[in-house]
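**Q** Could you work out the structure for the sequence below:
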Amino acid sequence: MANFVLAQTTGTTRPTFWKIGLLGEAVFYYLAVVAVLFFVYGVYDRFARYTRGEEDWFDRLDDLPGRISRAAKVVVSNEKQFNRDLYGGLMHSFIMWGFLTLLIGTTILMIDMDIYQKFTHYALGNERSFFVNDFYLAYSLVMDAMGLLFVVGVGMAIYRRYWVRNHRLWGRHTSLEDDLFIWTLFLLGVGGYVTEGMRILGTGFRNFESVSFVGWFVADVLQIVGVSQGAAVAWYPVVWWAHAIPALVFVAAIPYAKPFHMLSSFANVVTHDEKAGKRLPGVPSDAGPEEIGATDIDSFSWRQLLDQDACTKCGRCSSVCPAKASDRPLDPRNVILDLKQYREDLDAGRTDEKPIIADGGASVIDSETMESCMACMACMDACPVDIEHLTSFTDMNRRLTESGQMDANVQDAMMNVFQNGNTFGDPGRKRPEWTDTLDFEIPDARDEDVEFLWYVGDYPSYDERNRRVARSLATILHETDVSYGILYEDEQNDGNDVRRVGEEGLYEMLVEDNVAAFEECGFDKIVCTDPHSYNTFKNEYPEEAEEFDAPVYHYTQVVEELFRAGRMGLSGTELDYTVTYHDPCHLGRYNDEYEAPREIIRATGCTLDEMPRNRSNSFCCGGGGGGLWMDFDEDPKPSEERIREALEDTDAGSAVEKFVVACPMCMTMYEDGRKTGDYEDKIEIVDVAELVVEALGAEEHVKVTA
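**A** Predicted coordinates:
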């Protein structure tokens, strides 16, 4: 092989239009121009359609070169395809890298034939070609190798779809289009090698062509099955056109069908908001009640319309959605594709205009579907093309709110917040009652300057089980001489989940009231008991109130720093429980904090046994997005499924004694799941702060139990 690769003989190349003739060449160029025009118009029409959507709330084109560079890295590395799916990552990498190589190779050939040769002929009077000798041999080797990779990748996709029948690839929107797409790719890949093999056989197996090792192999097979050199010469034009025409049709069809994701998904990654979901778009100040939320398809932003076109139907979002796993009427993929289908049908006149979301069957999306969303962001984390499901979902929830179709239990909770500043409906004066059983005073941040303003939150203030967590954290801060204080009755609901159920007006009111209360205090940092509070203070309040610029921490981050500074007095041998830890969505997926709680747990002496779904793959407790306040007929509940996982599927298979959380909402949901799932005698639900206090030996001293 080496002597062929190093060949220097002039004319070591191949004719591109061998046996096609001048007329055939002219027809090909004509069809190619038509295909390109169809492609260009289709791409223009697609992107022009996005301009009919609303302006996006965030600047998605700032630092465009940097965005393109980062997107190229994500796409070329296929890093999101490999996430939790090695087979899928390899499959997509083979297809993408093979396809790009074939595309680049075709472009190089076009540059040589249609630009370089023509320029040297007419401008220099001496026609030249760089598609010869070493360049041609290297080109042929690379194209054959990467083309083979492409065919293998498509074969892997066919195997997974039709033989394994991977469940997430099938659904309501699976159609003939998907079959045509995958089989067209396969036939184009295989057809290229058949064409090459016929040419190699027809030209008499010229030695240097052995560098095209796949084509040479195909030529050998053709010869073995009885195809003569003469037959190859005669049939080559037929085979060539049978490959060329589908290739041109494929190019022309890209903007009009599933292959468009090759462009839209890259555009989606380029325009991705790094804080998507963590922060939500606001509502224009001049928007009337009939303009708030998803009123019609064009009330979605241009980026949300692009989201719909970027969806590849891969089903990764559906496979990780806790609502779908609990048989709630939500499939994130279907929601995105339902919106896309409606938009396309409306544009084509195949359907009449109807509400985007409503209670009943007369809308694109049913209200129960959006009410089922837990706002856990698992769908967004799993999506390989950065679809921002939660922004579209929130817009639909806002429409439900504005049209008076909010779930009754959620509506009651929102009324409680409006009237009393908390979801329990209790008077504000009762908020600090949890401090009464402590044998030390909690500093009042309204009266003295402190380092940490501790935002306690609704559940640690009013819910008896979570009050034990608040008292535990107070004990830790007191025992380590941290300078801290609370707002007492001036504290109000943080608004994170208020916003995610669609009550944007109430959220804005809470921001205004809380920021005003904070401004009356002297402090350096904010520390939160609840990851939900932590998220909205850190990522959303600065968008609403420019004067809000204090650093925000979750309590586990502060406690970890205290431990590292040697202020905890823990040796790591205090407790000997085997525990597992549940990553709260708003602490982990939302804000990438996974290690602080684990470091604290290990510092207490506990053995940490991980559940299979941990860190970014954590399974939601079911309480987010208003789920805490709703009644669902589901079996099993997300909380029950998670506890089962803790008892049966942890890494070491050892007997887990305690299920550790770091979120008041998780505490509430898992205590409920422990009862309804009949796990009360099998496992205990504890907060990280409670473990620390037990390790310090301070439970009785500070009376942390009710």
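**Q** Any figure for the gap between Gly204 and Ile224?
**A** 16 Å (Cβ to Cβ, to the nearest Å). The way it works is simple: take the backbone N, C-alpha and C, and place the C-beta from them, glycine included.
**Q** between the two, who's got more neighbours?
**A** Gly204 (11 against 8; other Cβ atoms under 10 Å).
**Q** Report the secondary structure state of the more buried one.
**A** Reduced to three states with DSSP: H, G, I helix; E, B strand; the rest coil, the structure at Gly204 is coil.
**Q** Just list the residues touching it, thanks.
**A** Counting by Cβ atoms under 8 Å, 6 or more residues apart in numbering, Gly204 touches Gln229.
**Q** pretty sure Leu306 contacts Tyr50?
**A** Yes. Here Leu306 lies in contact with Tyr50, judged by Cβ atoms under 8 Å, at a distance of 5.8 Å.
**Q** Which residue of these two possesses the greater neighbour count?
**A** Per other Cβ under 10 Å, whichever of Leu306 and Tyr50 has more neighbours is Leu306, with 25 against 19.
**Q** Just give me how far the helix or strand hosting that one sits from the chain centre.
**A** Counting by DSSP states H and E, the element that carries Leu306 is helix 302-310. Its chain's C-alpha centre and that of helix 302-310 lie 14 Å apart, by Cα atoms, centre = their mean, to the nearest Å.
**Q** Quick one: mean pLDDT over it.
**A** Helix 302-310 shows a mean pLDDT of 97.
**Q** what do you get for stretch 218-237?
**A** 96.
**Q** Please spell out which residues along it are buried.
**A** By neighbour count with 16 or more other Cβ atoms under 10 Å, stretch 218-237 contains the buried residues 218-219, 222-223, 227, 232-233, 235-237.
**Q** Then stretch 43-50?
**A** Going by neighbour count (16+ other Cβ under 10 Å), the buried part of stretch 43-50 is 43, 46-47, 49-50.
**Q** of those residues, closest to Phe260?
**A** Arg46 (6.6 Å; Cβ to Cβ).
**Q** Number of residues surrounding the closest residue to the closest one other than its chain neighbours?
**A** Counting by Cβ to Cβ, 6 or more residues apart in numbering, Arg46 lies nearest to Pro255, which is 5.5 Å off, once chain neighbours are set aside. Close neighbours of Pro255, defined as other Cβ under 10 Å, add up to 21.
**Q** mind listing what Pro255 touches?
**A** 38-39, 41-43, 45-46, 263.
**Q** Now, those that are in strands?
**A** Applying DSSP state E to the contacts of Pro255, no entry is found in strands.
**Q** now Leu400: how far from Pro355?
**A** Taking Cβ to Cβ, one finds Leu400 at 10 Å from Pro355.
**Q** swap that for Leu390, sorry
**A** For Leu390, the distance to Pro355 - Cβ to Cβ - is 21 Å.
**Q** Looking at those two now, which is surrounded by more residues?
**A** Applying other Cβ under 10 Å to Leu390 and Pro355 shows that Leu390 carries more neighbours, namely 22 against 16.
**Q** I'd guessed the more buried one sits against Ala276; true?
**A** Yes. Counting by Cβ under 8 Å, Leu390 does reach Ala276; the two are 7.2 Å apart.
**Q** Now do the shared contacts for these two.
**A** Joint contacts of Leu390 and Ala276 (Cβ under 8 Å, 6+ apart) are Met380.
**Q** Show me the strands in the stretch 351-500 of the chain, by range?
**A** 357-358, 365-366, 450-455, 484-485 (DSSP state E, counting those that start in this stretch).
**Q** how about those in JSON lines, adding mean pLDDT and distance to Phe135?
**A** Below are the strands of the stretch 351-500 of the chain laid out as JSON lines (pLDDT from 0 to 100; distance: least, Cβ to Cβ, whole Å):
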{"stretch": "strand 357-358", "mean pLDDT": "94", "distance to Phe135": "58"}
{"stretch": "strand 365-366", "mean pLDDT": "96", "distance to Phe135": "55"}
{"stretch": "strand 450-455", "mean pLDDT": "98", "distance to Phe135": "66"}
{"stretch": "strand 484-485", "mean pLDDT": "98", "distance to Phe135": "70"}
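**Q** Is it possible to get a markdown table of those strands that adds mean neighbour count?
**A** Below are these laid out as a markdown table (neighbours: other Cβ atoms under 10 Å):
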| stretch | mean neighbour count |
| --- | --- |
| strand 357-358 | 22 |
| strand 365-366 | 20 |
| strand 450-455 | 22 |
| strand 484-485 | 22 |
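**Q** what about those, which gets the closest to Thr195?
**A** Of the strands of the stretch 351-500 of the chain, the one closest to Thr195 (Cβ to Cβ) turns out to be strand 365-366, at 47.1 Å.
**Q** Am I right that the residue nearest to Arg46 sits in a helix?
**A** Yes. Under three-state DSSP, Pro255 falls within a helix.
**Q** Can you give me the separation between it and Trp163?
**A** Pro255 is 31 Å from Trp163, by Cβ to Cβ.
**Q** Equivalent analysis for Tyr670, please.
**A** Taking Cβ to Cβ, one finds Tyr670 at 40 Å from Trp163.
**Q** These two: which has the busier surroundings?
**A** Tyr670 (29 against 8).
**Q** and that one, what does it touch?
**A** Contacts of Tyr670 (Cβ under 8 Å, 6+ apart): 582, 621, 639, 642-643, 659, 661, 685.
**Q** Please check those and keep the buried ones.
**A** Buried, going by 16+ other Cβ under 10 Å: 582, 621, 639, 642-643, 659, 661, 685, out of these.
**Q** Mind checking which of those are in strands?
**A** Per DSSP E, the buried ones among the contacts of Tyr670 map to strands at 659, 661, 685.
**Q** can I get these in JSON lines with pLDDT and distance to Ile200?
**A** Converted to JSON lines, these look like this (pLDDT from 0 to 100; distance: Cβ to Cβ, whole Å):
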{"residue": "Phe659", "pLDDT": "98", "distance to Ile200": "65"}
{"residue": "Val661", "pLDDT": "98", "distance to Ile200": "66"}
{"residue": "Ile685", "pLDDT": "98", "distance to Ile200": "69"}
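**Q** And the residues you listed, which is closest to Glu599?
**A** Val661 (16.0 Å).
**Q** where does the chain have low pLDDT?
**A** Along the chain, the model assigns pLDDT under 70 to residues 1-11, 650-654, 699-706.
**Q** Tell me how it divides into domains.
**A** As given by automatic domain parsing, the domain ranges for the chain are 2-14+75-268, 273-282+297-405, 410-702.
**Q** Show me the one of those that comes nearest Gly66.
**A** Comparing the domains of the chain by Cβ to Cβ, domain 273-282+297-405 comes nearest, at 11.5 Å.
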